[in-house]
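Student: Got a predicted structure plus its sequence, pasted below:
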Amino acid sequence: MNKAPLARIVIADDQELVRTGVRGMLTGEDGLEIVGEAANGSEAVALCRQLRPELLLTDARMPVMDGLAATRAVKQELPDTKVIIITLFEDPNYLFQALKAGAAGYLLKDASQRDMLSAIRHVLNGGVLLTPELSMQLMRNLAGTASQTAAPIEPLTKREREVLELLAQGQTNREIAQRLHVSVGTAKIHVEHIIAKLEAADRTNAAVRAIELGLLSSGGRGISAH
């Protein structure tokens, strides 16, 4: 039986001890392979350009180029590479900037091995990684300063709005399909239509655009934590 292809991962952190710890958590896990390590954002971008990994795990604050700048550069050149930012502090404003840069979310440095593995697999499956508390804080921060950006060219259908709420909770296409009792293919098509209508680059950017445009229910559960 053929094994599923490995998801290749690059780790970027200016502290060797942190890189060693993350590598230790992930080494030997099914479907995951550490293919490179970088000590700053510039090295991370160069490695990603060379190796084209499925995932970049990057520290938020590094010399030469920080995590946000590295994320922007990687996503611009390699839009299929997922990015998770690892940081010491929960900061809704920094989180929003990370999402706008193209990150799929972030993890705290004190995350357990179980939480890190769960988060990585969730993001590799197309999910967005945010806590409900932080996503609600983002919406509260933006509520009083709703974006003046023009509304989507095409209005979203009722079903697309339902899918958008679930997408913004971080759910994958498979999870959306299960929740709405439709096929995975149908959920995928709805997500693609939403991304197009919001003129977003990907599903993470669609969640950001939805928050900016005030399209999400303020009473929702927020973006799912994994």
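Tutor: It's in. Residues are numbered from 1 along each chain as shown.
Student: so where's this protein shaky on pLDDT?
Tutor: Filtered on pLDDT under 70, the chain yields the residue ranges 1-5, 130-153, 217-226.
Student: Quick check, central residue of it?
Tutor: For the chain, the residue nearest the mean C-alpha position is A104 (0.7 Å; Cα atoms, centre = their mean).
Student: what's near enough to touch that residue?
Tutor: A104 makes contact with 82-84, 123, 127-129, 204, according to Cβ atoms under 8 Å, 6 or more residues apart in numbering. In this view, the C-beta of every residue, glycine as well, is placed from N, C-alpha and C.
Student: and R161, how many residues sit next to it?
Tutor: 15 (other Cβ atoms under 10 Å).
Student: contacting residues around the longest helix anywhere in the chain?
Tutor: With secondary structure taken from DSSP state H, the chain has its longest helix at helix 184-197. Residues outside helix 184-197 that contact it (Cβ under 8 Å, 6+ apart) are 152-156, 159-160, 163-164, 167, 173-174, 176-177, 180, 200-203, 205-206.
Student: hmm, 10 Å instead?
Tutor: If you take Cβ atoms under 10 Å, 6 or more residues apart in numbering as the criterion, helix 184-197 is touched by 126, 151-157, 159-164, 166-168, 171-180, 182-183, 200-207, 209-210, 215.
Student: how does this protein divide up, domain by domain?
Tutor: 7-124, 136-212 (automatic domain parsing).
Student: Tell me where this structure has strands.
Tutor: Assigned by DSSP state E, the chain shows strands spanning 7-12, 32-38, 55-59, 82-87, 106-108.
Student: Deepest-packed of the ones you listed, please.
Tutor: A comparison of the strands of the chain by mean neighbour count, using mean count of other Cβ atoms under 10 Å, puts strand 55-59 on top with a mean of 27.
Student: any idea how far it is from the chain center?
Tutor: Remark: strand 55-59 is offset 11 Å from the chain centroid, using Cα atoms, centre = their mean, to the nearest Å.
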